[in-house]
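A.B. asks: Build me a model from this:
(chains A and B)
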Amino acid sequence: MAMTVYDPGFEADERVVALPERPRTLVGATVGIISNGKANTRPFFDHLERLLREEWGVAEVVRRTKSNYSAPAEAALIDEAATWAALFAGVGD
Amino acid sequence: MVLSSRAFDVVDDDDAQRLYRDRGWTDGLPVIPPTAARIEAMLAWSGHTPDTVIGVEPVKQRPLTAEKVAVNAVLAGCLPPDFPVVVAAVEALCRPEVLVHGATASTGGCAILIVVNGEVRRQLGMSSAHSVLSSPDRASICIGRAVRLVLRNLLEVRPGELDRSTLGHPGKISWVVAEDEEGLDGWAPLATERGIPAGVSAVTVFAASGPRQIMNEWTTDPEEVATTIVAEIRATMLHYSIWAGNYAVVVPPQLRSVFHAAGWSKARLRSFVYDHAIVRRADWEAVGKAAVVSDRNRDTEYRALPSPDHLLVIGAGGEAGGFAAVIPPWLGPKSAATTVPIGVCVDC
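C.D. replies: Modelled structure (predicted):
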């Protein structure tokens, strides 16, 4: 029997977020790394920080840790991140 | 009633099954095609207009409307009288303290346990007896499945997508427990203990790890039974997570009778567990976790419960058997058990 059925998924328009322009270079830039706080992120981000400084000429690497690794970063941290040229927000386990 | 969801014309039931299967809109089981009549019957039962926002998932900031929840409830096989329970569960999941995004995305293996209290259990024919931890009746399994499909279809909680759980949890299919209020012998129902007025049905949602059964049918001393429960909680603190949060204990009739005979209330059981479910960091050395024990922290004590009230004591289970179950939290205090009345607002 023919019938009409309905979509169970989310359909409303997602909020439009304007992406910032990507930096052309990281030389002399301040770059942030936000850890989720898990122990194994530390050696991974240590290595990443070394690469950023030694191979990409980054002037300053800011290391921050979220207060809750299962939740989004707190507002103050997101505000601070807006002052950085680039940001790494990786998941480590 | 005007529905705003995208509509699809299908030629027959097989075509409908193919549509939902091909688009990833089922959990793999067949679905009930959500026609306008079926969706509207759900909404009519709960009294919601299609655009009523049941809750806003806090991380995605995504509003979940009554219409979309109803579409998923139909798909799951719910009957219209089940729908208010589904609505209350979705409302509870959207509360910030549940952190449903974290609980459903976590590598840890948790599922959403839904405990139902009140007259609605009898109206829907929900069973509180045998195999109670396996959604043992039509309404229980359909309500739990509806919540699963809401998570899947409205919040992308699909294995390998938002759901990053390493092992998962059998309760993700459906995990609904109706408390055995008629057999509590003076114990207060869970929802009543958590502030819901008598006579009001309610759901309590809890992001929980797998149930761990204990057995002690060789005593009539309630303290000994409680000690076995504590031992299981201490074990999970050592083997899984040391952090304090909500725990649930499901107590079937046989062991409940031990507590009742001795005059132990739920509150006394909670206090006993709070006082005794404690481990030291050094205890981790015996279970292969010496790497995170140091001279600085080895004597630090950890309680399972931040307070006695963090223990959810649920009376349910078949009449025979000296069993109980400890249900640990997903991960310490990250998600809080949350109780919401069904079909009414008690604080507005």
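
A.B. asks: Could you find the closest non-adjacent residue to the residue of the stretch 201-348 of chain B found nearest chain A?
C.D. replies: Nearest to chain A, among the residues of the stretch 201-348 of chain B, is residue B:334, at 5.2 Å (C-beta to the nearest C-beta). Quick note: C-beta positions are derived from backbone N, CA and C, even for glycine. Residue nearest to residue B:334 in three dimensions, not counting chain neighbours: residue A:70, with 5.2 Å by C-beta to C-beta, 6 or more residues apart in numbering or on different chains.

A.B. asks: And for the one you found, the neighbour number?
C.D. replies: For residue A:70, the tally of surrounding residues (other C-beta atoms under 10 Å in any protein chain shown) stands at 20.

A.B. asks: ditto for the one 4 residues further on
C.D. replies: Residue A:74 has 13 neighbours, counted by other C-beta under 10 Å.

A.B. asks: That one: what's it in contact with?
C.D. replies: With contacts defined as C-beta atoms under 8 Å, 6 or more residues apart in numbering or on different chains, the neighbours of residue A:74 are A:66-67.

A.B. asks: Could you check how far it is from residue A:66?
C.D. replies: 7 Å (C-beta to C-beta, to the nearest Å).

A.B. asks: got the contact list for stretch B:129-142?
C.D. replies: B:73, B:76-79, B:82, B:85, B:116, B:124-127, B:144, B:173-178, B:180, B:211, B:250, B:252, B:316-319, B:325.

A.B. asks: What residues sit buried inside that stretch?
C.D. replies: B:129, B:132-142 (16 or more other C-beta atoms under 10 Å in any protein chain shown).

A.B. asks: pLDDT score assigned to the residue of the stretch 1-150 of chain B found nearest chain A?
C.D. replies: Of all residues in the stretch 1-150 of chain B, the one sitting closest to chain A is residue B:102 (3.0 Å; C-beta to the nearest C-beta). Per-residue pLDDT puts residue B:102 at 94.

A.B. asks: A helix includes it, no?
C.D. replies: Yes. Residue B:102: assigned to a helix according to DSSP: H, G, I helix; E, B strand; the rest coil.

A.B. asks: returning to what we had before: narrow the contacts of stretch B:129-142 to those in strands?
C.D. replies: B:116, B:176-178, B:250, B:325 (DSSP state E).

A.B. asks: Now for those residues, which sits with the most neighbours around it?
C.D. replies: Result: residue B:177 is most packed of those (other C-beta under 10 Å), 33 neighbours.

A.B. asks: beta partners for it?
C.D. replies: For residue B:177, the beta-bridge partners are residue B:115 (DSSP bridges).

A.B. asks: ok, it to chain A distance?
C.D. replies: Distance check for residue B:177 against chain A: by C-beta to the nearest C-beta, to the nearest Å, it reads 25 Å.

A.B. asks: burial measure for residue B:63, as a count.
C.D. replies: 17.

A.B. asks: Residues of chain A that sit close to chain B?
C.D. replies: For chain A, the contact set with chain B under C-beta under 8 Å from any C-beta of the partner chain comprises A:1-12, A:15, A:68, A:70-72, A:93.

A.B. asks: So how do I select the buried members of the contacts of stretch B:129-142 in ChimeraX?
C.D. replies: Applied in ChimeraX, the following selects the buried portion of the contacts of stretch B:129-142 according to 16+ other C-beta under 10 Å:
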select /B:73,76,77,78,79,82,85,116,124,126,127,144,173,174,175,176,177,178,180,211,250,252,316,317,318,325
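
A.B. asks: if we can go back for a sec, residues contacting the closest residue to the residue of the stretch 1-150 of chain B closest to chain A other than its chain neighbours?
C.D. replies: Excluding the flanking residues, the one nearest residue B:102 by C-beta to C-beta, 6+ apart is residue A:70, at 3.0 Å. By C-beta under 8 Å, 6+ apart, the residues touching residue A:70 are B:99, B:101-103, B:105-106, B:331, B:334.

A.B. asks: tell me which element residue A:70 is part of?
C.D. replies: Assigned by DSSP states H and E, residue A:70 belongs to no helix or strand.

A.B. asks: same thing with residue B:153?
C.D. replies: Here residue B:153 is assigned to helix B:138-155, by DSSP H and E.
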